[in-house]
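Visitor: What follows is a predicted protein model with its sequence.
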Amino acid sequence: MLNLGKKTLDIPALLLTSLEEMNPDELRRFQSYLSSGWMLGFPPIPESQLENTDRQDTVDQMVKSYGPERAVRNTGRILRKMDRDDLAEKLQRDHTRATTWRRDSSDSDKWRRRKEGLVMRRPSMLDVPALLLTGLEELTEEQLKIFQFDLSSDQLPGFPPIPESQLENTDRQNTVDQMVKRYGPEGAVRNTLKILRRMNLDDL
């Protein structure tokens, strides 16, 4: 738990460092990219939530909307779009260094354990729902909606989509139940990993 807390805390600091290198015009431009995020492949943050916000508030909105890891990824994309490759590379370098240090320094890393649980062994009917629920609990509400949308669309070759009506207004537990019921435990794991990769969240 200590390790996870460190991970969650230091990413906002990394993002804030990048934003502090921008002048006010660049910050406004950065925020405009956040509010039109679909162009860059991620859900936009409503303009009203970024209006008259400072750097710290902007970081808070990104982490809240995307989760820490995806906030880093999206920030890098915007910086490159703004021709601030210097900041994008520094952010990526600092993030990689911090992530590597954490992975090397902890054998009980929750992320690695979960990935091994999903990929390295055949899951049993009993442990799969718990593993999947743990994964979905790391998603923001916006990410959960995208995940459910992929389940209800015809994007999983060899697996029938789950009707949208069965996923509407459902929480994480019900989403897991629907997947296991429709795909079986192994199919549910396989499809979850496919969707997370498509969402650039395969680090979950």
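Guide: Arrived safely. Just so we're clear, the structure is a prediction, and the values are computed from it rather than from any experiment.

Visitor: hey, which helix or strand in the protein has the poorest pLDDT?
Guide: Least confident helix or strand, the chain: helix 110-119 with a mean of 53, by mean pLDDT, DSSP states H and E.

Visitor: next SSE after that helix?
Guide: Where DSSP states H and E defines the elements, the next helix or strand beyond helix 110-119 is helix 128-136.

Visitor: That next one: which residues count as buried?
Guide: Neighbour counts using 16 or more other Cβ atoms under 10 Å place V128, P129, L131, L132, T134, G135, L136 of helix 128-136 among the buried residues. For glycine as for every other residue, the C-beta is placed from the backbone atoms N, C-alpha and C.

Visitor: what's the closest of those residues to S35?
Guide: In terms of Cβ to Cβ, no member of the buried residues of helix 128-136 lies closer to S35 than L136, at 26.6 Å.

Visitor: Verify the stated contact: that closest one with Q148.
Guide: No. The pair formed by L136 and Q148 falls short of the contact definition of Cβ atoms under 8 Å, at 9.7 Å.

Visitor: got the contact list for L91?
Guide: Residues counted as contacts of L91 (Cβ atoms under 8 Å, 6 or more residues apart in numbering) are L14, L15, T17, S18, V72, T75, G76, L79.

Visitor: Could I get the pLDDT score of it?
Guide: Looking at L91, its pLDDT reads 90.

Visitor: Then G187?
Guide: 88.

Visitor: distance of it from G158?
Guide: Per Cβ to Cβ, to the nearest Å, G187 is found 9 Å from G158.

Visitor: Comparing those two, which shows the higher neighbour count?
Guide: Taking neighbours as other Cβ atoms under 10 Å, G187 and G158 compare with G187 leading, 16 against 8.

Visitor: Neighbours of Q148, how many?
Guide: Counted with other Cβ under 10 Å, residues neighbouring Q148 total 24.

Visitor: SS state for it?
Guide: Following DSSP: H, G, I helix; E, B strand; the rest coil, Q148 is assigned to helix.

Visitor: Quick one: residues contacting the residue nearest to it when sequence neighbours are not counted.
Guide: Excluding the flanking residues, the one nearest Q148 by Cβ to Cβ, 6 or more residues apart in numbering is L167, at 4.5 Å. Applying Cβ under 8 Å, 6+ apart, we find L167 in contact with Q148, L151, S152, T175, Q178.

Visitor: The nearest residue to M199 once chain neighbours are set aside - how many residues pack around it?
Guide: Using Cβ to Cβ, 6+ apart and skipping residues adjacent in sequence, the residue nearest M199 is I146, 6.1 Å away. Neighbours of I146 under the rule other Cβ under 10 Å: 16.

Visitor: didn't I146 look like it was pressed against P43?
Guide: Yes. In this structure I146 lies within contact range of P43 using Cβ under 8 Å: 7.0 Å.

Visitor: Using the record's assignment, carve the chain into domains.
Guide: Under the assignment automatic domain parsing, the domains of the chain span 2-105, 110-198.

Visitor: Check which helix or strand the closest residue to N74 other than its chain neighbours maps to.
Guide: Leaving aside its chain neighbours, N74 sits nearest to F42 (5.1 Å; criterion: Cβ to Cβ, 6+ apart). F42 is part of no helix or strand, with elements assigned from DSSP H and E.
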